[in-house]
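[1] Sequence first, then the predicted structure, then my questions.
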Amino acid sequence: MLRCPDSVCSSVGKGDSLHHQVLAEFPLCPLTEEDLTQNPLFCKLLATLSQHVDHTGLTLHLRKELEKAEKELRAQKLGWLRLESLHRLLKEMVQEHRCSQHHSIVSAADDKFYDTLEQCLIVARCAKQLDPSDTINQDQSLILGLSAEKVLNQMPPKQDVWQMKQRLPTELQKHLKKKLFSLLSYYQPEWENESEGLKCVKLSKLPALLESERSRAESLTEGNRENATLLQHQTHAYLSELLECMQLLQTLVLDLRLKVQKDLDRKKIEYFEAKCEIGIQKIRAEMLEVQLDTYTRDKIAAHRKITEKLNTELKTAQVEKQSLESKLASFEIYGREFEILAEEYSRLQQEIATKSWALKEFTP
């Protein structure tokens, strides 16, 4: 189980300082302070790993091995670039000479020098293609039956080669000086009309200038890389904040919509209440109008007389009712026998009425 170092454990309580330390040690990781705050154990793990790995995730031993391998690779690349640059310079010299033959008169010595140089380059190239190396199968069939030894036999005479080698440094120096002056004119066009001596002085300072430009370009590239990383973190934080703002806005919009809907419903209720009240008042007005059209003054006077007559008859009926009720109460005093006699009397009265009606009907 990993044990947090004392220096790390002591800084755990510092909170933000530990978060800044972890983010600085691992700039390539898309992490934010919020992520580290929500995962404190992961933050401790990263702080522990930062004691053993660099910002790219490599351990110190692997970093040393990588630097050693890169150093060897740079040395090999430098050696290859030197040979390749020299080879290309020689080819350029031959090509420029071939072009100048069509525009000016060239001396025989120059023709012989460049012919020898071109032939040596071609033979060397062919021999390199035919010479098997460690990466090529030794049993590979020869091209057109040729071998490196046969191709090397096509070299120019040794005397011509010796003369070409004696002159080559001078011509190569002239060609390099010409290219350097062209480079100087490209870097600073205003120096093109300067004297050769002044150009040579400025050429001696050109590597330092180019090195400063390269260092400046590298620093700008590194700054751009750091700015890109910072921009990525800021973009992530900005998007997080933007999402939170959008959620807050959605909540506010929903609350506002509900509040507005509540106010709108209340206003609608008030509107319908007022409309209903107006309808009720219209109905009452219509009822009053109908009553006024129905009950005229004459009708009201007649109704009053009828009411008075009915009230009088009602009072008379009530008095008669009370009289009958008192008589009925007096009859109830006699008990059950009187009730039987009353029923018998009623029955006889009905028979008399029936017989009288029959007698009346049958009497001519």
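    That came in fine, so what should we check first? Numbers count the residues shown, from 1 in each chain.
[2] How much space separates Glu361 from Thr354?
    11 Å (CB to CB, to the nearest Å). (Each C-beta comes from the backbone N, C-alpha and C, glycine too.)
[3] ugh, wrong one, I meant Glu273
    70 Å.
[4] One more: Phe181?
    In terms of CB to CB, Phe181 sits 164 Å off from Thr354.
[5] Which one's more surrounded, the two?
    Phe181 (18 against 10; other CB atoms under 10 Å).
[6] quick one: that one and Leu198 touch, right?
    No - using CB atoms under 8 Å, Phe181 makes no contact with Leu198, being 11.2 Å away.
[7] next SSE after the longest helix anywhere in the chain?
    Ranked by number of residues, the top helix in the chain under DSSP state H is helix 196-294. Next in sequence after helix 196-294, counting helices and strands by DSSP states H and E, comes helix 297-331.
[8] tell me the mean pLDDT over that following helix?
    Mean pLDDT, helix 297-331: 83.
[9] one step back: other SSEs contacting the longest helix of the chain?
    Packing partners of helix 196-294 (3 or more CB pairs under 8 Å, 6 or more residues apart in numbering; DSSP states H and E): helix 158-187.
[10] so how far is the helix it packs on off the chain centroid?
    Distance of helix 158-187 from the chain centroid (CA atoms, centre = their mean, to the nearest Å) equals 60 Å.
[11] Give me the buried positions along it.
    Counting neighbours by 16 or more other CB atoms under 10 Å, one finds that the buried residues in helix 158-187 are 160, 163-164, 167-168, 171, 181, 184.
[12] need those in JSON lines with distance to His236 and pLDDT, can you?
    Shown next, in JSON lines, are the buried residues of helix 158-187 (distance: CB to CB, whole Å; pLDDT from 0 to 100):
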{"residue": "Asp160", "distance to His236": "70", "pLDDT": "82"}
{"residue": "Gln163", "distance to His236": "70", "pLDDT": "84"}
{"residue": "Met164", "distance to His236": "65", "pLDDT": "82"}
{"residue": "Arg167", "distance to His236": "66", "pLDDT": "84"}
{"residue": "Leu168", "distance to His236": "61", "pLDDT": "83"}
{"residue": "Glu171", "distance to His236": "61", "pLDDT": "84"}
{"residue": "Phe181", "distance to His236": "52", "pLDDT": "77"}
{"residue": "Leu184", "distance to His236": "47", "pLDDT": "74"}
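[13] was I right about Leu130 contacting Val151?
    Yes - using CB under 8 Å, Leu130 is in contact with Val151, at 6.0 Å.
[14] looking at this, Tyr30 is in a helix?
    Residue 30: Pro, not Tyr. No - Pro30 is assigned coil when assessed by DSSP: H, G, I helix; E, B strand; the rest coil, not a helix.
[15] thought it was touching Gln232?
    Yes - counting by CB under 8 Å, Gln232 is a contact partner of Pro30 at 6.6 Å.
[16] Settle it for me: which of these two has more neighbours?
    Gln232 (13 against 10).
[17] The more buried one: what's it in contact with?
    Listed by CB atoms under 8 Å, 6 or more residues apart in numbering, the contact partners of Gln232 are Pro30.
[18] i'd like the first residue to be 808 from this point on
    Right, with 808 as the first residue, what we last looked at is Gln1039.
[19] Centre of the chain to stretch 1005-1013, how far?
    Per CA atoms, centre = their mean, the displacement of stretch 1005-1013 from the mean C-alpha position of its chain is 54 Å.
[20] List the buried residues of it.
    For stretch 1005-1013, by 16+ other CB under 10 Å, it's 1006, 1009.
[21] per-residue confidence averaged over it?
    Mean pLDDT, stretch 1005-1013: 73.
[22] repeat for stretch 880-891
    Mean predicted confidence for stretch 880-891 is 90.
[23] Now do the same contact list for Asp922.
    Pro963.
[24] now with 10 Å?
    901, 904, 963, 967, 971 (CB atoms under 10 Å, 6 or more residues apart in numbering).
[25] gap between Met1094 and Thr1101?
    10 Å.
[26] Equivalent analysis for Ala1165, please.
    Taken as CB to CB, the span from Ala1165 to Thr1101 is 51 Å.
[27] With Leu1065 instead?
    53 Å.
[28] Can you name the element that comes right after the helix-or-strand element of the chain with minimal mean pLDDT?
    Across the helices and strands of the chain, mean confidence by mean pLDDT, DSSP states H and E is lowest for helix 813-819: a mean of 42. With elements assigned by DSSP H and E, the helix or strand that comes after helix 813-819 is helix 823-832.
[29] Can you name the element that comes right after that following helix?
    helix 840-845.
[30] what pLDDT, on average, does the next helix or strand after that following helix get?
    Counting by DSSP H and E, the next helix or strand C-terminal to helix 840-845 is helix 847-856. For helix 847-856, mean pLDDT is 79.
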